[in-house]
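Participant: Attaching a predicted model along with its sequence, questions to come.
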Number of protein chains: 2
Amino acid sequence: MATVHESPVPHLTTASMGPPHEVERRILDNQAKIECWFRGQWRKTPAPFYTSVDLRNAGFKIAPVDTNLFPAGFNNLNPDFEPLSIQAIQLAVEHLDRTVDRILIVPENHTRNRFYLENVATLRGLIESAGFAVRLGSLLPDLTQPTAVKLDSGRELLLEPVQRTGRRLHVGDFDPDLVLLNNDLSGGVPAVLEDLEQMVRPSPRLGWSTRLKSVHFSFYQQVAREFAELLGIDPWLIDPMFRNCGAIDFMKREGQSCLEMNIESLLTAIRKKYDEYGIEGEPYVMVKADAGTYGMGVMSIRSAKEMLELNRKQRTSMSTAKEGQKITKVIIQEGVYTHETWGPQSNVAEPVVYLIDQNVVGGFYRVHSARSSSENLNAPGMRFEPLAFDDCCIAPDKDQSPEAHPNRFYAYGVIARLAGLAAARESASVS
Amino acid sequence: MATVHESPVPHLTTASMGPPHEVERRILDNQAKIECWFRGQWRKTPAPFYTSVDLRNAGFKIAPVDTNLFPAGFNNLNPDFEPLSIQAIQLAVEHLDRTVDRILIVPENHTRNRFYLENVATLRGLIESAGFAVRLGSLLPDLTQPTAVKLDSGRELLLEPVQRTGRRLHVGDFDPDLVLLNNDLSGGVPAVLEDLEQMVRPSPRLGWSTRLKSVHFSFYQQVAREFAELLGIDPWLIDPMFRNCGAIDFMKREGQSCLEMNIESLLTAIRKKYDEYGIEGEPYVMVKADAGTYGMGVMSIRSAKEMLELNRKQRTSMSTAKEGQKITKVIIQEGVYTHETWGPQSNVAEPVVYLIDQNVVGGFYRVHSARSSSENLNAPGMRFEPLAFDDCCIAPDKDQSPEAHPNRFYAYGVIARLAGLAAARESASVS
């Protein structure tokens, strides 16, 4: 805990952008009511094991733009808050209502992505500190024997090939009680994970081969409506509008009319809201693969015309997601400006909040040097600097103004939990 | 989190004092096993709402010497770990398995003890941050209307007289779902708390008018045996031996033979253990009120003769506990040397660990400038400097030696949880 930080909290520039801090203020004023509401919600629908939520803060609006059920990036969190994660992991396991002592983490197959592997090392460390035996079971087909990987941090990971005996997954003689997926199964659910006797969390059915962003955001829309009613605010202040198209082929230019129509209708709806709140700035939408992650197949669009005029290279980039999956379904999501900037260059900063079970355990900012406030910061080839939150997001301070750091972070934690609750309902709907 | 600490961890002097760090080493080596064991134990016996545990570390031995079910001193904890307390409070309430949104804290009647009132303010703040509405219901007979108290920290407390309507306790129109006692009921259970419809935690039957330290330490002895078996160690390394006498009158010199016999037998037992482990230093025992707290009626004794030769003043001081309760029952407990010292004067430092539900949330040291390593640091008129733990006690580091700070604090957290588990069994036995 003996670290010194130089106020590493991004600056929020909200001049001329509608009613600022309204969301933070309402959240701060209703804290006990909000927590009471969440308690009731988690009783009805248990939270996913873990979640990370990409947020955008436009000053007049704070909204989630992506919710990851197989979160990476634990290595980007502030080590000062690790105890919070450790305690939350213990609770998450308690909520499984089974005796769990041994946990097998199934990581992504990115053996060369050292950032990702640092995440796995941190996650393993947290779960070990929480008092569980942990091993890493890799799905990599080429991995035929236990393989040690030395990380830049000096830590070492032992990746072991998963084995299956009957309906049990194991690595060597380590027979886990819980299989924890940190792999989003973009390539589909491998046979080895089907019909296991052991508990697998999150459910493989929530992998990106089946999960759709548009389904998640439908659940989110409903959650946002209920929450907005609780607070007496316009749900739009916390909810990004969206449309979706189901049969797109970017290369063959199929499904163009659906795209065109939805982009126009969404831009019109956003424009109407901007007018209502007197917000300056040009509406835009994000077009993303409906199934997918890692910011592949994502673009920022300001008019349907722009969509029609994509060149071949752009269309190629939009047509393929992670692990070569072809994109045929897209979500067109309201673009939410990022009005947080950091450092002397005023680099754009996008918050990512982490939940373990129903608890917020911290987060970090993606700080990007070369991108504008309306671009996607989680994009292919994206280079960002992680900036760990200097706040735990769970301790608001009523003696300070709504925009003060502890209160801004508390608001982030609340919005992230709304996305977590949407994910909980989504999870319940597939199981 | 932007605080700078100058390594505020007391120094442990263990030269010539038997096998040092054996307990820490065994605990560190068996971390997953220990956590697994605790998980099973908490499933069987839910933890008290909150607990503070006074520990003593003699190098060769780490043992609890007092377990408080109505802990004060939350203001002495490191603010950096408040998030951990907030999360733990949420879990504690979840474990009550009832809808709880409003909590009434019933504090001690110490309206002039500003340190105690700071504790109440901190506790209230933590529970509010956890998302509950909180009010303070005082049992003070003189308090007839809501009274604001301004604290040195600048905070303000509103003490309100408790009222009872039917079987419900309330303050004004605030009808709580949970009554949280921060009052150890040394003077007996007031009628206003009897047979309430609302949940009262901890149970008033655990107040010091009925609770006995010797009963607690009987439960602890059993817990220590089970835990020692798990680790393959001598239970004595974590358990202070004790005897008790039931019908003492210090003023009338009644019950002297029981005291004499037990003091001698305990000193002999300690000497045997010291010989077994080659421990230098003179055995001593603590004679304490069996029912009572706040270090009243406590003395350190090196021989039965010393007990017989008490002067009138000493006998008077031993005969009365908090709120004028007469001491008729005593516990004679093995004295455990404190071998932790702090600062240039090598002041004696005694750790106090805090639990909320089953979670360790931090602790502090009582640092005393004028006392020796065998005296009680929680004694009448005692002046101590609180030194907040610089560690959360839940994140051991296997890459460091067993005596490294995170591991020493983790061991403290484990021993404190053993005392918490004993308190849990004790609570179950009265309810």
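Facilitator: Arrived safely. Numbering: from 1, shown residues only, chains lettered A, B, ... in the order given.
Participant: which residues touch stretch A:83-98?
Facilitator: A:46-47, A:49-50, A:74, A:77, A:100, A:126-127, A:129-132, A:177-178, A:199, A:201, A:354, A:356-359, A:361-362, A:392, A:394, B:35, B:39, B:81, B:83-84, B:87-88, B:91, B:359, B:392, B:394-395 (Cβ atoms under 8 Å, 6 or more residues apart in numbering or on different chains). In short, each C-beta sits where N, CA and C put it, glycine included.
Participant: what is the rounded mean pLDDT of that stretch?
Facilitator: On average, the pLDDT along stretch A:83-98 is 96.
Participant: Contacts only, for residue A:181.
Facilitator: Contacts of residue A:181 by Cβ under 8 Å, 6+ apart are A:70, A:106, A:200, A:201, A:202, A:204, A:207.
Participant: just residue A:225 next, same as before
Facilitator: Applying Cβ under 8 Å, 6+ apart to residue A:225 gives the contacts A:235, A:239.
Participant: again with residue A:51
Facilitator: Contact analysis of residue A:51 by Cβ under 8 Å, 6+ apart lists A:67, A:68, A:69, A:71, A:354, A:355, A:416, A:419, A:420, A:423.
Participant: Parallel or antiparallel, list what pairs with the stretch of helix or strand it belongs to.
Facilitator: Using DSSP states H and E, residue A:51 sits in strand A:50-57. Strand pairing for strand A:50-57, determined by DSSP bridges: strand A:62-68 (antiparallel), strand A:347-356 (antiparallel).
Participant: Please identify the most buried of those.
Facilitator: strand A:347-356 (a mean of 26; mean count of other Cβ atoms under 10 Å in any protein chain shown).
Participant: And residue A:407, how far from chain B?
Facilitator: The gap separating residue A:407 from chain B is 12 Å, by Cβ to the nearest Cβ, to the nearest Å.
Participant: That residue is in contact with residue A:26, isn't it?
Facilitator: No. If you go by Cβ atoms under 8 Å, residue A:407 and residue A:26 don't touch, sitting 11.3 Å apart.
Participant: With neighbour numbers in mind, choose between the two.
Facilitator: residue A:407 (23 against 19; other Cβ atoms under 10 Å in any protein chain shown).
Participant: Summarise which helices and strands the helix or strand hosting the more buried one is packed against.
Facilitator: Assigned by DSSP H and E, residue A:407 falls within helix A:405-430. Applying 3 or more Cβ pairs under 8 Å, 6 or more residues apart in numbering or on different chains; DSSP states H and E, one finds that helix A:405-430 contacts helix A:22-29, helix A:31-44, strand A:50-57, strand A:62-68, helix A:213-231, strand A:347-356, strand A:359-368.
Participant: Out of these, which gets nearest to residue A:148?
Facilitator: Nearest to residue A:148 among the helices and strands packed on helix A:405-430 is strand A:50-57; the distance by Cβ to Cβ comes to 25.7 Å.
Participant: Let me know the angle separating the strand holding residue A:51 from helix A:405-430.
Facilitator: 130 degrees (axes from the mean of the first three to the mean of the last three Cα atoms, to 10 degrees).
Participant: Can you tell me which residue of the stretch 301-431 of chain A sits closest to chain B?
Facilitator: Nearest residue of the stretch 301-431 of chain A to chain B, counting by Cβ to the nearest Cβ: residue A:392, 4.0 Å away.
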